[in-house]
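*Asks:* here are the coordinates; sequence isn't available:
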C-alpha cells in the first residue's frame, strides 16, 4: 500500500491527460461550422469572429465541459462500486443505480415540475434505494457477492424501475417530449448554467472518491485482509457506496441515462495501470471524461445534421463489451 507508483504507469496518466486536452480542442472545433485547431485556439483566446465566438462559448464549450464532468463522475462511480461488490461487472447502470435515480428525476420533471430544484436530491435518494435493493438481494452470508447474483439482482431492479419509467411516460405522455432527450442521455441543449450547477457537485464527489482510495484498496484485497487490518467491512462498503451513488445520481439528474461508462472505463484502467486505486481511480476520472467526450462528439458529427445522443452511442459500444467481459470471466 505504501509502494511508489511505477514511472511507466504515471506516464500513462500524463499521456491520458494530454490526449484529453487534444480531444477537447478537436471536439470544440467539430460541428456544422468546422474550425481548424489553430482557429479553435484563436477563438478561445478571443481573436475569432463574432459568429465563431457565439458558437464556441454558447454551444460547444459548455457541452464539452459537461461531458468531461459527467464522464469522470460515472467512471469514478463504477470503479467504487466494483470495489464495494468485488466484481468487475458492477456498474451504475447494470446495478440499477441509474434507473433508480431516473425514476425520481422523471417523476419531478413530469408530475411536479415546480419542484425541479429538488432534482439532484431526488436522484441521490432514488439511486440509493436502487443500490440498497441490489445489494440486499445479491448478498448471502455464505459466498458473499457473486457476479451472477449482482447481475440478476440488477436486471430485476432495472425491470422494476423501468416499469415505473414506462408508467410515468404513459400517464404524462403530453409532457413527455420535453423529457425525451434526457431519457436518451443527451448533452444537447446544455449551457454554461448546467456546467456551473454540476461543477460543485462533481468536485465534492471527486474529493470524496480520492479520499476513499485507501478503503477501496482494502476492499480490493479481500474480506480476510480487511478483517486482519481491523476494518469494519459494512462501514467501508456503506461509505464507498454512498459516494458511488452520489456521483452517478447527480450525473443522471443532469443528462439522463448514460450507461456503460462505469463498466468500460474502470476495466480499461485496470488493463493499463493495474488494480491499485491510487493510480487507477485518477486514471479512471481522466479516461471517463475522454470516453464520454469522444462518444458525444461522434454522436453529434457522424450523422450530421442528425444527432445521436451519447447514451445511445455508449449503449451500442458498451453492450458488446459487457458480453465480452462476461465471456472472458467464464460466466
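*Replies:* Structure received. This one's a predicted model, so the numbers in the text were calculated from it and none came from an experiment.
*Asks:* going forward, measure contacts between C-alpha atoms and count neighbours the same way
*Replies:* Fine.
*Asks:* give me the element the residue nearest the centre of the chain is part of.
*Replies:* Centroid-nearest residue in the chain: residue 74, 1.6 Å away (criterion: CA atoms, centre = their mean). Here residue 74 sits within helix 61-85, counting by DSSP states H and E.
*Asks:* Would you mark the buried spots in that helix?
*Replies:* Using 16 or more other CA atoms under 10 Å as the test for burial, helix 61-85 gives 61-85.
*Asks:* Check which helices and strands it is in contact with.
*Replies:* When contacts are defined as 3 or more CA pairs under 8 Å, 6 or more residues apart in numbering; DSSP states H and E, helix 61-85 sits against helix 7-29, helix 192-211, helix 213-220, helix 233-255, helix 261-273, helix 277-301.
*Asks:* need those helices in TSV with mean neighbour count, distance to residue 96 and mean pLDDT, can you?
*Replies:* Formatted as TSV, these follow (neighbours: other CA atoms under 10 Å; distance: least, CA to CA, whole Å; pLDDT from 0 to 100):
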stretch	mean neighbour count	distance to residue 96	mean pLDDT
helix 7-29	17	29	90
helix 192-211	16	19	94
helix 213-220	20	21	90
helix 233-255	23	10	89
helix 261-273	24	12	91
helix 277-301	24	19	94
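*Asks:* Make JSON lines out of those helices and add distance to residue 151.
*Replies:* Below are these laid out as JSON lines (distance: least, CA to CA, whole Å):
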{"stretch": "helix 7-29", "distance to residue 151": "31"}
{"stretch": "helix 192-211", "distance to residue 151": "24"}
{"stretch": "helix 213-220", "distance to residue 151": "19"}
{"stretch": "helix 233-255", "distance to residue 151": "17"}
{"stretch": "helix 261-273", "distance to residue 151": "12"}
{"stretch": "helix 277-301", "distance to residue 151": "22"}
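*Asks:* Would you quantify the distance from the residue nearest to the centre of the chain to residue 275?
*Replies:* As judged by CA to CA, to the nearest Å, residue 74 and residue 275 stand 18 Å apart.
*Asks:* Just list the residues touching the residue nearest to residue 250 when sequence neighbours are not counted, thanks.
*Replies:* Closest residue to residue 250 apart from its sequence neighbours, by CA to CA, 6 or more residues apart in numbering: residue 120 at 5.5 Å. By CA atoms under 8 Å, 6 or more residues apart in numbering, the residues touching residue 120 are 105, 249, 250, 253.
*Asks:* go again using 10 Å as the cut-off
*Replies:* 101, 104-105, 126, 198, 201, 246, 249-254 (CA atoms under 10 Å, 6 or more residues apart in numbering).
*Asks:* model confidence over the helix or strand containing residue 125, on average?
*Replies:* If you go by DSSP H and E, residue 125 is part of helix 119-138. For helix 119-138, the mean pLDDT works out to 88.
*Asks:* Could you point out the helix or strand that follows that helix?
*Replies:* Heading C-terminal from helix 119-138, the first helix or strand you meet, by DSSP H and E, is helix 147-171.
*Asks:* And that next one, how far out from the chain middle?
*Replies:* 19 Å (CA atoms, centre = their mean, to the nearest Å).
*Asks:* buried residues in that helix?
*Replies:* Buried-residue list, helix 147-171, by 16+ other CA under 10 Å: 147, 149-158, 160-162, 164-165, 168-169.
*Asks:* among the helices and strands packed on helix 61-85, which is nearest residue 179?
*Replies:* helix 233-255 (10.3 Å; CA to CA).
*Asks:* elements contacting the closest one?
*Replies:* Judged by 3 or more CA pairs under 10 Å, 6 or more residues apart in numbering; DSSP states H and E, the packing partners of helix 233-255 are helix 61-85, helix 97-110, helix 119-138, helix 177-183, helix 192-211, helix 213-220, helix 223-228.
*Asks:* and it, how far from the chain's centre?
*Replies:* 11 Å.
*Asks:* quick one: it to helix 61-85, angle?
*Replies:* 160 degrees (axes from the mean of the first three to the mean of the last three CA atoms, to 10 degrees).
*Asks:* Helix 233-255 versus helix 261-273: what angle between them?
*Replies:* 120 degrees.
*Asks:* Tell me what angle helix 233-255 forms with helix 119-138.
*Replies:* Using the same axes, to 10 degrees, helix 233-255 lies at 140 degrees relative to helix 119-138.
*Asks:* Now do helix 233-255 and helix 97-110, the angle between them.
*Replies:* Using the same axes, to 10 degrees: helix 233-255 against helix 97-110 is 40 degrees.
*Asks:* So what's the gap between stretch 171-181 and the chain middle?
*Replies:* 24 Å.
*Asks:* List the buried residues of that stretch.
*Replies:* For stretch 171-181, the neighbour count (16+ other CA under 10 Å) marks 176, 181 as buried.
*Asks:* same deal with stretch 317-325?
*Replies:* 318, 322, 325.
*Asks:* Tell me the gap between it and the middle of its chain.
*Replies:* 16 Å.
*Asks:* next one: stretch 182-199
*Replies:* Taking the mean of its C-alpha atoms, stretch 182-199 sits 14 Å from the chain's own mean (CA atoms, centre = their mean).
*Asks:* can you tell me how far residue 79 sits from residue 194?
*Replies:* The gap separating residue 79 from residue 194 is 25 Å, by CA to CA.
*Asks:* Over to residue 30?
*Replies:* For residue 30 relative to residue 194 (CA to CA), the value is 21 Å.
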